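# here is a sequence together with a model predicted from it:
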2 protein chains.
Amino acid sequence: MEPELKEILKDFPPGPLCRYRSKASFNWKEMCLLIQGKDALILKHKIWSTLKKDPLFAHHTSKPTLKEARHIAFKRARKLAEYDFMPTRHMVGRPELFDNFVMAVGQYEWSVLVKLQLLYNFAMSALYGMGSERHFNDIQRLMNKEIGACFCLTEIGHGTNTKAMRTTAIFDVKTQEFVLHTPDFEAAKCWAGNLGETATHAVVFATLSTPDGENHGLHAFFIQIRDTNTFENLPGVTIGDMGEKLGLNGVDNGVMLFNQYRVPRVALLNRTGDVNESGTYVSPFKDKKKRLGASLGTLSAGRVGIASMAAANLIKAITVGIRYSAVRQQFGPEDGSNEELPVIEYQLQQWRLFPYLGAAYVLLQFTRTFRKDFTDMQRAMMNKEDPDQLAAVGAEIHAVSSSAKPLSAWFAQNGVQECREACGGHGYLAASGLGNIREDNDANCTYEGDNNVLLQQTANWLLNLWSLVQRRQSVAPYTPLGSATYLDSAESILKSKCNLDAPHQWFEPQALLDAYQFVVCHLLRSTAARVQQLMGQKLDAFSAKNQAQAYYYRPLSIAYCEALFLIRMLRLLNDPNIPEPLRAVLKLLTALFGATNLMKNISALTQGGYFQPNTSAALEAAIEQLCERLKPEAVALVDAIAPSDFALNSALGHSDGQVYRHLEEFMASSMSARPDWWQLVVKPPMKASHL
Amino acid sequence: MEPELKEILKDFPPGPLCRYRSKASFNWKEMCLLIQGKDALILKHKIWSTLKKDPLFAHHTSKPTLKEARHIAFKRARKLAEYDFMPTRHMVGRPELFDNFVMAVGQYEWSVLVKLQLLYNFAMSALYGMGSERHFNDIQRLMNKEIGACFCLTEIGHGTNTKAMRTTAIFDVKTQEFVLHTPDFEAAKCWAGNLGETATHAVVFATLSTPDGENHGLHAFFIQIRDTNTFENLPGVTIGDMGEKLGLNGVDNGVMLFNQYRVPRVALLNRTGDVNESGTYVSPFKDKKKRLGASLGTLSAGRVGIASMAAANLIKAITVGIRYSAVRQQFGPEDGSNEELPVIEYQLQQWRLFPYLGAAYVLLQFTRTFRKDFTDMQRAMMNKEDPDQLAAVGAEIHAVSSSAKPLSAWFAQNGVQECREACGGHGYLAASGLGNIREDNDANCTYEGDNNVLLQQTANWLLNLWSLVQRRQSVAPYTPLGSATYLDSAESILKSKCNLDAPHQWFEPQALLDAYQFVVCHLLRSTAARVQQLMGQKLDAFSAKNQAQAYYYRPLSIAYCEALFLIRMLRLLNDPNIPEPLRAVLKLLTALFGATNLMKNISALTQGGYFQPNTSAALEAAIEQLCERLKPEAVALVDAIAPSDFALNSALGHSDGQVYRHLEEFMASSMSARPDWWQLVVKPPMKASHL
């Protein structure tokens, strides 16, 4: 092994976890390199070892107040920018490393990452992507950290429905200014991170009108909101603070109202549409809808990123859950030995945790490959390749990200909760680290598109493909990433029946993918039929679609995305260069992930006739057996994806497995404290009650 | 209506919620009286209106620090004791009112309730139940609030497995003292609420040994741990603080180690076993196991209480979720009207929230009737009624509480999360109130018995009954509460087939109960067979049982408990005195609850042959239709169970529906704040990067 990697992939100290580490059938270091990649490991190690040495990044020993949390998040974000772990040459040459930067900082703490990104990087991307030469100076000031930004799209009354935004920007020819205005509190811009108390500038979306009275739809402006000398709001700008949140409290989300606030004409980010000095609207796009799509296009990258943020959270949680389960002993056979079993020995504990371990690997692999798809698309766009091909890739990426983001967020959210409960009482201690993960990850379920609403985008795309299938046309040109190629075989898939009644037959990820493909085809067929039926009952298209969400659209999008997760894992498993022991264990893990999630579709599988009444029994038995087989592998599988102990920051999940020593150290810091108000305890109240 | 109730059941002010309130088919005030009961309403109103007027109980405008949270929780707990809302005459004469006291205070804030209960009431119950005359003085001191207590059972290394506790108490005849000792940190007492910095005394469980060297098992002692004059730990006692937790941070949980700590002989709570002056152990119980059971018996009440605590949390969350969904508008038909729909109009939103509204009602009704069962049992025990009958009731109550507590906790935990997500971004604001509910409720999943471990108790009891069924004996004598009477018809139930393929047939709660009874019988039969099969493969009983948890024991206990929930709702629905409009809507709500949860059992229903491949399609259609029917009822159903606006404390869930006004007020309080560190933002760092 290269010396650089030797330092990173160090052996673990002897301790309680060795018992299981020695049982693994594979080398965790090889797995680590395979599933994360050498460059990612080096970057993460550099970040964590740097932050660990810097006192500014020392973990809080007690929860900071809101004020403190924000102050320190700002200082850390600034310092992080100085460390420059992702220099411009990386961003251009190795964009896929960016996810690793995000994961490494996020696994340390999310607020600092979010704060940093919003202060400088998001705004720079927005100016670069939506602006023109006239905004280069602003980009330079952001780069120099002379100003800091926030991103204002959502309004109090409108989050998801961007078309209904009500902030207006009317051009005044006389003064060559746009007049920004907020009609009422419901139209106030909100949720913008850094707006609450940090940002000097803002990217603001507003509906643009020209003096001829025409409304040109949503446009972005880059405007100053606070005086850089006094930090007071500029006249015409009112800013409020959204206060404490369930998590991410280092980020100061704000709300902003404009009162006839005037900004220069050139504040408009004018790549897709501009207003010239005479007040005429000019745009390279003829179709308003397309223009809006292109404007909002820069946002779609966010969903790709959130999938890896969620994966990072799930990895942290499952590391804590599995390591602690391998140490914690409770109960044992009544054979007089008095030896208690580590709780990982119990089927129920395995069944609760191992599917999430599977999900962590699956998401890691998915996000790596999907990031590549995304950057390939960006490159093709810059090279102005075949526009039809680009449109198809873009639509598929939108469909994939619209289900992968929700599913990743939910796998993480549910996984963190399961780990919390699986760690029992000690999981409820802040020292477990699980609380922060749950609080921060929760936001992933909502921002960049509400999970449930987003899922509809995926189903819409699939139903468009289905209409091709119904017309016996190939879907292939519309699924260049191959996420739905199998729809071309829908007819034979829908006729197929499953005859796997021996549990071990379900150890094959391909068998699970076959079943998933059936589910997707079946749900597509029945969704299309259901919508037709509802429209036959005189419902308009909007209402018909809404009436088919719970048991059609929603499970359809989920099954499609989980099938894609399997497709991506199979691509890895079928790579002839993987060492055999790694392939073997990854196959088991993938099968467990696929099988436990396929169980959600028993209803579709039996209604569609793919499953016989007893097939699910074989699937259940397979899951039990897969759990048993993964028991000796679980700790080493965690070792291969776990962040450093510094980033993990959990008494229960430390890599040395010395759970009780770490808990003792944690509690020793506050031995025998006497509260200021102790005398109240022993001073009876005025009116004592009597027996 | 009586004047007292008129004040409590006031009409709501006009506002955005009227739109749906006017659509309800029933009178919410009648429903309120039916489902909560007059006395409960009066008590809750008294509590909330008193606390609302008392500045000490004013809600925090920002999250207090750990130190502040504990200080204020103590002051509030003390004040709450002074208010004496549940005087002794109530506790004796109307014990069922106690749950309403718990819910009312808990819906305001849980820490203050937990703190109060642990400081005085739990210890008094323990002394009263486990001690004797010699402890009356201690009871009196607790009553007078001269001392405050904590309850120490769990050890760092052992929570669930109480038999493995390692703290020792060895009797020293010479000094007539017990010597308490903690061998190492893993044996330290932990999690005790109030131990961290408040308690002067403790109920401590330790293994008692007599000078003859015999170990008499776990016993409870009431001992002093802090000097009441200086509040320093007494010599030989080391106390640590468990620090920040995921929730309940007003409660100071602590850890305690004894170093040969001597306490007087009479510290032993000696109702079930004593050591006399000559060092001889004397006990009215010959069987050690029975003695331990009697000692721990006082704890079982806790699970009954947690079910209503969880119900209280779910009620709060669903109130926020549904009221906000009826106000929040987003998207709408593209008919040019530009009118957006309240999100409650969407099937998916209904499908996500209404089953939890059903769960809230079901849990409310269940906890009321189960509390009655429990107090009836306590009364029968005091009257020393038929011991066999008492044993049967006790075992059934144990079985019921061991599944009802986990299920209630999970319904609440999952329901809060669903409401959080269903409220979108604004649900992530502390102002939504959902964060605190989630954090505090989480503990319900773990304490008083880990949810997953507890469920096994229920299955064990059911399997004992099943062995009677197999021997063709009646189970009736062993299920005096009627939770499993149907097992006597297991043979015919297992032969039955479901022929309900019209959705409306699933609107009958009885049809759902029939299906549930099939699931329970099927799972009992297959669980017993599976364990037999595993033992045939040379597994010992302990291991065989562990290998049958995921798909046998666990779903069995859950299905049994959900069937019981339906049984209890049917008892209410079949009451001839209920007004017809209330019965009609409760029937729909019960059906929705039953149907959505029955969907978890599709695998068992098809494997067992009860369902045909297409039956689940009818069930899904029924769920969709039930959601649609409950849409006009949901807001009024919430009104009938919601706590007062003061207790709810949510900008999104306020009964006036003025969501945006409340959000604006909340944010206005911090308009235009400038942080102390603002100059850092506009001062570029030393080394500026360049393009």
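Looks like it came in fine.
# how about the strands of the stretch 201-350 of chain A, start to end?
A:201-209, A:215-224, A:237-241, A:253-258, A:261-264, A:274-275, A:281-282 (DSSP state E, counting those that start in this stretch).
# tell me which of those strands lies nearest to A:Tyr560.
A:Tyr560 lies closest to strand A:215-224 among those, at 29.6 Å (C-beta to C-beta). Where C-beta positions appear, they are placed from N, C-alpha and C, glycine not excepted.
# mind listing what's buried along that closest one?
Of the residues in strand A:215-224, A:His216, A:Gly217, A:Leu218, A:His219, A:Ala220, A:Phe221, A:Phe222, A:Ile223, A:Gln224 count as buried by neighbour count, 16 or more other C-beta atoms under 10 Å in any protein chain shown.
# nearest to A:Ser283, of those residues?
Looking across these and measuring by C-beta to C-beta, the closest to A:Ser283 is A:His216, at 7.9 Å.
# now the closest one, nearest residue through space, not along the chain?
A:Leu208 (4.6 Å; C-beta to C-beta, 6 or more residues apart in numbering or on different chains).
# can you check the pLDDT for the one you found?
Listed pLDDT for A:Leu208 reads 97.
# and it, what is it in contact with?
A:169-171, A:178, A:215-219, A:268, A:273, A:275, A:281 (C-beta atoms under 8 Å, 6 or more residues apart in numbering or on different chains).
# so where do the helices sit in the stretch 201-350 of chain A?
Secondary structure of the stretch 201-350 of chain A by DSSP state H, counting those that start in this stretch: the helices cover A:288-297, A:301-327, A:347-382.
# export those helices as JSON lines, with columns for distance to chain B and mean neighbour count.
Shown next, in JSON lines, are the helices of the stretch 201-350 of chain A (distance: least, C-beta to the nearest C-beta, whole Å; neighbours: other C-beta atoms under 10 Å in any protein chain shown):
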{"stretch": "helix A:288-297", "distance to chain B": "13", "mean neighbour count": "16"}
{"stretch": "helix A:301-327", "distance to chain B": "10", "mean neighbour count": "27"}
{"stretch": "helix A:347-382", "distance to chain B": "4", "mean neighbour count": "22"}
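# for B:Leu663, find the nearest of these.
Closest among the helices of the stretch 201-350 of chain A, using C-beta to C-beta: helix A:301-327, at 24.6 Å.
# what angle do helix A:347-382 and that closest one make with each other?
160 degrees (axes from the mean of the first three to the mean of the last three C-alpha atoms, to 10 degrees).
# on that earlier part again, okay, the helices of the stretch 201-350 of chain A in TSV with mean pLDDT next?
Formatted as TSV, those follow (pLDDT from 0 to 100):
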stretch	mean pLDDT
helix A:288-297	53
helix A:301-327	95
helix A:347-382	93
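# got the ones you listed as CSV, with distance to B:Ala484 columns?
Formatted as CSV, those follow (distance: least, C-beta to C-beta, whole Å):
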stretch, distance to B:Ala484
helix A:288-297, 57
helix A:301-327, 33
helix A:347-382, 23
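# for those, which one sits closest to A:Gln607?
Between those, helix A:347-382 lies closest to A:Gln607; by C-beta to C-beta that is 24.1 Å.
# pull the distance from that closest one to the chain's centre.
Helix A:347-382 has its C-alpha centroid displaced from the chain centroid by 10 Å (C-alpha atoms, centre = their mean, to the nearest Å).
# show the subsequent helix or strand relative to that helix.
Note on helix A:347-382: by DSSP states H and E, the next helix or strand toward the C-terminus is helix A:387-422.
# most packed of the strands of the stretch 201-350 of chain A?
For the strands of the stretch 201-350 of chain A, the largest average neighbour count (mean count of other C-beta atoms under 10 Å in any protein chain shown) is found in strand A:253-258, namely a mean of 26.
# sweet, I'm off.
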